[in-house]
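Novice: give me a 3D structure for the following:
(2 chains)
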Amino acid sequence: MFKHTLLPFLFLLFAFSVTAQNKYTISGHIKDGDNGEELIGATIYIEELKTGTATNVYGFYSLTVPEGTYTVIYQYIGYNSRRDTLVLDKDIVQTIEMASESKKIDEVEITSERMNKNVTDVDMGVVKLDIQTVKKIPAVFGEVDIIKTLQLLPGIVGAGEGVGGFFVRGGGVDQNLILLDEAVVYNASHLLGFFSVFNSDAIKDMEIYKGGIPAAYGGRLSSLLDVRMKDGNMKKFGVSGGIGLISSRLTVEAPIIKDKMSFIVSGRRTYVDLFLKLSPNEEINQNKLYFYDLNAKYNWRINEKNRIFVSGYFGRDVFGFGNNFATDWGNATATFRWNHVVSNKMFANFTFVFSDFNYSLGVPEGALAFDWNARIRDFSLKGDFTNYLNPNNTFKWGVIATHHNFLPGEVVPASDESIFNSLVMPDKNAMEYAAYVSNEQKIGDKITLSYGLRYSAFSQVGPGRVFNYDSDGEVIDTTEYGRFEHIKTYHGPEPRVAIRYGWNKENAVKANYTRTRQYLHLISNSTVSSPFDIWVPADNYIQPMKADQVSVGYFRNFKEDMFEVSLEAYYKYMHDVIDYVDNAELLLKENIETQLLRGDGYSYGIESMVRKNKGRLTGWVSYTYSRTRRKIDGINDNEAYPVSYDRNHNLAIVLSYQISERFSISANWVYTTGLAVTFPVGKYEYNGQSVPIFSERNGYRLPAYHRLDLSANLDFKQKPNKKFKHGLNFSVYNAYYNKNVFSIVFREDDDDASKTAAYKTYLFPIVPSITYNFDF
Amino acid sequence: MKRITVLFSAFVFAFAFIGCEEKIDLDLDDIPPAIVIEGRLTDNGSPYNYLRISMSSPYLSDEPNMPVVGAFVTITEDGILTDTLIPDPQYGQLGQYQSTFFGNGKVGSTYRLRVQYNGEVYEAEDFIRPITPIDSLTYTYKDEVADEDDGYYVFLHTQEPAGLGNNYQWIYTSNGSIESDLDLAANDEWVDGNYVSLDFDLEPQVLGDTVMVEMGSISSQYFTFITQVSSQESFGDLFDTPPANVKGNFSNGAYGYFHTAAVERDTIVIE
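Specialist: Model prediction:
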C-alpha cells in the first residue's frame, strides 16, 4: 500500500520539479550558407521534446523550452539537414547557416525526422512554390512564369491564352491579394497574360493561400499570393541571367559590406517588336510591343536585432499601333521595412508601402486624338508583431492603415483638331484599416488549432463628390466633400479558424473556416479582364463584398515524404458580388454605379493532388472538379448562371526527370473545361441588319482546353574552381499544336456570303524556344 | 465614343497577327420563331418611314426571315386612333405595311403602335422631340489618304443646342439611294452646345452627284438600341462586353423597335 501511494507522490514531486525548472529561449535567424539569404519556413525541431517551430518570413525563429541538453534538427527543402547538440542553460541567440543540398539523385534521403510539412502544418489550402520547381516547368517563350505555374495547382485556373489573371476556388480575378514584399500588385500580368510581372531570378519565395488566409492578411476574398524578393547575396558578388528569343534578363547582387549590407538588382525586357521591324508591311513594322521590369532591393543588417529592407519594383508594358494608337501600363511599388527583435520571444516588423498602377492609352494625332489616363495609388503603414509565448502558442497581432487614391479616368484631347472635349472623372479617395489577433496553439501532439480575428474598416473620404438620385434613378444633385471628410464607412469582423488533427506524422485531417471582406471591385469593360479595367472603391452605392469559406481536407504522406497525397473539399459563398447590366456602358462613366448590379455567388469543389518530391522523377498530378455560379437580380432573368471561368474539370500533370546531374527534361499536360460563353440561338432583321438573339448568360461552353509543354535543360560542364555556370534551356509550348480556342465569333461565311458561320480564333501555335542561362 | 471602342478593339485585333482563324461546326439549340417589328414615324413628310413585320429564324440558318403579312396594325396619336395600316401594295408580301400617316406626325405628340397577330398583341410607344435646323451642307475635295479614296466629302453644319440629352440619327442619300447605315447616329455628350461640322465618313461623291441629308431627333433609348445593334455585327470576342439581347420597346416579347423623330432635310449638288 505504501508503494502505491509512493509512486503518485514521487510523480507529483517530479512534476512539481519539472514545472519549477527554468525555461530558456533559443532564437535567431536561419540563413543560406552560400549567399546569406534568410530562409522562410525552415524548421527547428528538438528531438527529445518532440516540439519545434519554423522561421517566419524574415528567417527568424524563437523557441522557449525547459533547461536541458538537446539534439536540435534544422531542416529546409533543398538544403542538407543539420543536427546540433545544444546545451540550453541560458537564453541563446544564434544564426544558423545551412548548406545547399548536393545533387545526389540516386540517393533518396532518409532522415528520421521527415519534412511532412503538408501534414504537420495546420495551414490548409496553402501551397508553397519552390522557385527551383517553378524554373523547371516549361514555359511559353522560355520565360518562367509564376502565375502560369499557379494554374497547374488544384483549385486555381486561368482564363486561357492572352488573358491575364487567375481564379482561385471560384473567386474573380480581382479577389486575389498579390503581394510583392508586402506591397499590393494591382495587375500581375504583362502583355495580356503572356508573362507575369514576377522575374523568377529576383524571387526567393512564394506562397499561395487558397483558403485559410491568415488573420494578418485581408482585403481580397479568395486568395493570398505572397511573393518575397531575394535580399541580395551577403557574401559575394553574383551575376546571373539569360538570353532568349523573345526576352532577356539580368540580375546583379552583391554585398556592400560583407554579411551586413547587400543589394540586388534584376531586370528583364522583351523585344518582340524587333521582329516586327523586319516586316516589309508598313502596318506592322511601325508597331511597338515590349515590356520591361526592374526589381531592386537594398538590405542592411544593422545588428542581430535590427534589419532594414528597402525594395522596389517598376515595370511597364508598351504597345503602339503605328501612329494610330498607343498604350502603356504598369505597376510601381516601393517598400521600406524595419525588422526589430524586441526580445528573444517577440518579433516586430514595421512596413511602409507605396503602390501604384496606372495606364494610359490614346490616339496621338488627328481629329480623333485623345489621351486617356487612369491610376490607382496606395500608401500603407503597418505593424506586425509575433509573440512566441511557448512552443505550443505563437501569438500574432498587428495593425494596418492604407490610403487609396483612385483616378478612374481622365480624357483630354491630344491635338488642336481633336473634336473631343476634356472629360475628367473626379478622384476618389479612401482609407482602409484593419487590426488582427491570432494564435496558433498545439494541443498535445495530435491537434493544432489556429484561431484569429481580423477586424477591418473602409471609408470613402473626400475630396470627392457623390451623386444623389431620385426614385427613377435620375441624378438630382451632387454633394461635395472636403479632404478626409468621411463619406461612407463600412466595417466588419473577419474570423479565421483552422484545426488540424493528425494521428501520426503521415496522416492528418484539417478543416478551416474563413470570412474575408473586400472593399475594392475591379470593373471590367469586357468579358475577361484587361489592363484597362478600373478599380472602384465601396461607396454610398457600391457595397463591399464578403465571403465565407469552409474547407475540409485529408493529407497523407507515403514513403518518408516521397509521396504526398491530398484531398480537399471547399464551399465558398460570396455576398454582394458585382456584375454588369446588359450591354453596360462602363467606359468613362462617372456614375458607374448605374451600370452595376449586385447579388451573390457560390462555388464548391473537390481538389485532389498526388505529388512525388524525391528521386529522379518528381512532379505532381492534380485534379479539381468545381462549380461556380452567380445569382443577381436583373441578370439572366434573375436565374443563377455560371461565371465565365466556371471551368468544371481542371487536370494538370507536371513531371520532371533528372537524367543525369547536368541534364533534365520536363513535361506538363493540362486539360481544362472551356470557358462559359453566351451564344446566339436565333436572329432577326432590323433595318437590313441581322441581329442575334442570345441564349441564357454563359449557357454554352467553348471547347475544352488542353496543351502539352516540353522542356529540356542542359547545364554545361562547370570548369573546376571557376564560379561560372551556364546552360541551355529548350522548350516547346503546345507541343502537339492544339488549336485552343481563344474566342468564337460568328460572321459571314468565307465560302458562302449568304450564310453565317462560326469561326474560332486560336493564338499560340506550337512555340519552340531556346534560352541561354548563365550564373557567376 | 464608339470610335474609341472601335480603336480599343483594334488594339486587341492587332494580336491577330499571331492569332489564326478557322471555321468550326457548332450545334446551337435555337429558340422557336418570334415576331419582329420595325417602325419609323416622323413629321415633315419624310419618305424614309416604314413598318415591317417578320419572324426570327435559327441563328445559322441561311433562309430569309419569314415576313408576317396578315397582322392587324393601328397607330394612335395622343391616345386617338389615327390610322390602320394595310399591307404595302408593292412590298406587302415582304411584310411591309403602308400608312399615309407616317410622315405627318407632330412635334410633342405621343404615338402608340399596336400590332395584333396570331392572337397576341404587341405595343410600343414613342413621342416626337424637337430638332435643331441644319445650318448648311458643304463639300470639299480630298486626295487619297491611307484607306480613304479621293473625291468629294460632304459636311453638315449645325448648332447643337446647349443642354445634354439630344440624340440624332442621319439618313444620307446620294442620287436617291441610301448610303448610310443604321448607326449613323450620335448623342451630344461630347459636343454639347458646340457649333458642329460633321464629316460623315462615307464613300466620297463625284461631280454631278446630288446628296440629301435628313437629320432626325431620336430618343436616347433608341440611340442606345442603334448602338447596341451595330456593335452586335460581331461579337464573341473576349474583349467585348458579354453579349446580351438588345432591348427594344415592344411589349409581350416582340423584337425590334418603333421610333419617332422630328426631321430636317437639306440637299447639295457637287458642281
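
Novice: over to residue A:147. Which of the three states is it?
Specialist: helix (DSSP: H, G, I helix; E, B strand; the rest coil).

Novice: residue A:554 - that's part of a strand, no?
Specialist: Yes: the assignment for residue A:554 by three-state DSSP puts it in a strand.

Novice: tell me the bridge partners for it.
Specialist: residue A:509, residue A:567 (DSSP bridges).

Novice: wait, it sits on residue A:511?
Specialist: No: using C-beta atoms under 8 Å, residue A:554 is not in contact with residue A:511, being 10.2 Å away. The way it works is simple: take the backbone N, C-alpha and C, and place the C-beta from them, glycine included.

Novice: so what are the domain limits for chain A?
Specialist: A:22-102, A:126-209, A:223-775 (automatic domain parsing).

Novice: adding mean pLDDT and mean neighbour count, write the ones you listed out as TSV.
Specialist: Formatted as TSV, these follow (pLDDT from 0 to 100; neighbours: other C-beta atoms under 10 Å in any protein chain shown):
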stretch	mean pLDDT	mean neighbour count
domain A:22-102	89	18
domain A:126-209	86	23
domain A:223-775	89	18
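
Novice: now the ones you listed in JSON lines, with distance to residue B:138?
Specialist: Listed next are these as JSON lines, based on distance: least, C-beta to C-beta, whole Å:
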{"stretch": "domain A:22-102", "distance to residue B:138": "70"}
{"stretch": "domain A:126-209", "distance to residue B:138": "44"}
{"stretch": "domain A:223-775", "distance to residue B:138": "16"}
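
Novice: count the neighbours of the residue in the stretch 101-250 of chain B that chain A sits nearest to for me.
Specialist: Residue of the stretch 101-250 of chain B nearest chain A, by C-beta to the nearest C-beta: residue B:244 (3.4 Å). For residue B:244, the neighbour count with other C-beta atoms under 10 Å in any protein chain shown is 19.

Novice: wait, it sits on residue A:634?
Specialist: No: applying C-beta under 8 Å as the test, residue B:244 and residue A:634 come out as separate, 11.0 Å apart.

Novice: got the phi and psi for the residue of the stretch 451-600 of chain A found nearest chain B?
Specialist: The minimum distance from the stretch 451-600 of chain A to chain B, using C-beta to the nearest C-beta, falls at residue A:582 (3.4 Å). Recorded main-chain torsions at residue A:582 are phi -60, psi 140, according to degrees, to the nearest 10.

Novice: what sits closest to it if chain neighbours are left out?
Specialist: residue B:244 (3.4 Å; C-beta to C-beta, 6 or more residues apart in numbering or on different chains).

Novice: returning to what we had before: distance of the residue of the stretch 451-600 of chain A closest to chain B relative to residue B:242?
Specialist: Going from residue A:582 to residue B:242 by C-beta to C-beta, to the nearest Å gives 8 Å.

Novice: can you check residue A:477 too?
Specialist: Look at residue A:477 and residue B:242: by C-beta to C-beta, they are 33 Å apart.

Novice: touching the helix or strand residue B:76 falls within from outside, list them.
Specialist: Per DSSP states H and E: residue B:76 is located in strand B:72-77. Strand B:72-77 is touched from outside by B:41, B:51, B:53, B:81-85, B:97, B:99, B:101, B:105-106, B:109-117, with contacts defined as C-beta atoms under 8 Å, 6 or more residues apart in numbering or on different chains.

Novice: beyond it, next helix or strand please.
Specialist: strand B:80-87.

Novice: who does the helix or strand following that following strand pair up with?
Specialist: Counting by DSSP H and E, the next helix or strand C-terminal to strand B:80-87 is strand B:96-98. Here strand B:96-98 has these sheet partners by DSSP bridges: strand B:50-55 (antiparallel), strand B:80-87 (antiparallel).

Novice: out of the ones you listed, deepest packed?
Specialist: Stretch with highest mean neighbour count among the strands paired with strand B:96-98: strand B:50-55 (a mean of 22; mean count of other C-beta atoms under 10 Å in any protein chain shown).

Novice: hmm, who's touching that one?
Specialist: So strand B:50-55 is contacted by A:684-685, B:33-40, B:65-68, B:71, B:73, B:85, B:94-99, B:102, B:113, B:115, B:117 (C-beta under 8 Å, 6+ apart).

Novice: now do that strand: distance to the chain's middle.
Specialist: 14 Å (C-alpha atoms, centre = their mean, to the nearest Å).

Novice: using CSV, write out the CA atom coordinates for it.
Specialist: Backbone C-alpha positions of strand B:50-55 (Å, rounded to 0.1, in the frame of the first residue of the first chain) are rendered in CSV as follows:
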residue,chain,number,x,y,z
TYR,B,50,-41.6,52.2,-92.8
LEU,B,51,-43.3,49.5,-90.9
ARG,B,52,-42.1,45.9,-91.4
ILE,B,53,-43.1,42.8,-89.6
SER,B,54,-41.2,39.5,-89.8
MET,B,55,-40.3,36.4,-87.8
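
Novice: on the three-state scheme, the residue nearest to residue A:359 when sequence neighbours are not counted is what?
Specialist: In space, residue A:359 comes closest to residue A:329 once its chain neighbours are excluded; the distance is 3.4 Å by C-beta to C-beta, 6+ apart. The three-state assignment at residue A:329 reads strand, by three-state DSSP.

Novice: against chain B, how distant is residue A:329?
Specialist: Separation of residue A:329 from chain B (C-beta to the nearest C-beta, to the nearest Å): 12 Å.

Novice: wait, that residue sits on residue A:373?
Specialist: No: the pair residue A:329 / residue A:373 is not scored as a contact, 10.1 Å apart, by C-beta under 8 Å.

Novice: centre-most residue in the chain?
Specialist: Just going to use chain A. residue A:225 (2.5 Å; C-alpha atoms, centre = their mean).

Novice: try chain B instead
Specialist: Note: chain B centre (C-alpha atoms, centre = their mean) maps to residue B:182, 3.4 Å.
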